[in-house]
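Trainee: just coords:
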C-alpha cells in the first residue's frame, strides 16, 4: 500500500464570513465544518497521516472541537497566506516518507470519499491531478476600468476544486521554488506548474462547493 497523506488548510481568517467563529469551526449538521472534511478522507481508509493547518494560537481550540482525534492527525500553525501554510504543512510531512499528498480546503465539507479516491488514483498515475467543474456563467475578462476586454469561450474554462493530489516530492520541490520567487499563486496546481510538468484533471462534483460567506452553510 502506498504512503499517502492529507493536508487540510484551515489557517485563513474567514473575514468574509462576518462575525462569529471561523468558517471551519462553524457547525454543519451538528459538527464542525472541519470535522466533515477530515471524516470524508478517513472513510476512504487510504491515508496514513493527516496535517491540519490552523491560525497561530488555535491548536488547543480546534482540538477541543474535533471529536475523533487520532494519533495520525496533527495540527500545525499556518502562515500569513494559504500558500505559506501549505508549504509549512508539506515540510511537517517531510520525515514521514510520504509518496503522495492530497491538499484540501478546510472549507469544503461536502467532498465525497469517491472524489477523494479518484483524485488519489489519478495522482498516482500522472503525478498531479485536480478535480475541475464547468463554469455555468459566460466568463469575461474585465480591464481596470470595468470594460469587457475579452469574451472567453465557456466550454474551454473550468473551475478548480480540491482535493488536489500530487507526488509528494514534486509538490514539495515546487513549493520550495515558489517560496524563493515570492509570488502568490492561486492554488497548488499553479505552484506545481513551476516545474513545467503536466497536471491531469478529473471531473469534480458540483456539490463540492467552498464555504466563503455565512449563507454558504445553508443546506444543499
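Mentor: Noted; the coordinates are in hand. Given the structure is predicted, the values throughout are model-derived calculations rather than measurements.
Trainee: Check which element follows the lowest-mean-pLDDT helix or strand in the chain along the chain.
Mentor: Here the helix or strand of the chain ranked lowest by mean pLDDT, DSSP states H and E is helix 59-65, holding a mean of 84. Once helix 59-65 ends, the next helix or strand along the chain (criterion: DSSP states H and E) is strand 73-77.
Trainee: what distance separates the helix or strand harbouring residue 91 from the centre of its chain?
Mentor: For residue 91, the host element (DSSP H and E) is helix 82-92. Counting by Cα atoms, centre = their mean, to the nearest Å, helix 82-92 is centred 11 Å from the centre of its parent chain.
Trainee: relative orientation of it and strand 73-77 in degrees?
Mentor: 130 degrees (axes from the mean of the first three to the mean of the last three Cα atoms, to 10 degrees).
Trainee: mind checking pLDDT for the most centrally placed residue in the chain?
Mentor: Geometric centre of the chain, nearest residue: residue 104, 2.4 Å, by Cα atoms, centre = their mean. You'll see residue 104 listed with a pLDDT of 98.
Trainee: Could you do the one 3 residues further on as well?
Mentor: In the predicted model, residue 107 carries a pLDDT score of 94.
Trainee: Counting neighbours, what do you get for the closest residue to it other than its chain neighbours?
Mentor: Nearest non-adjacent residue to residue 107, counting by Cβ to Cβ, 6 or more residues apart in numbering: residue 211, 4.3 Å away. Where you see a C-beta, it was placed from the backbone N, CA and C, and this is true even at glycine. Neighbourhood size, residue 211 [other Cβ atoms under 10 Å]: 22.
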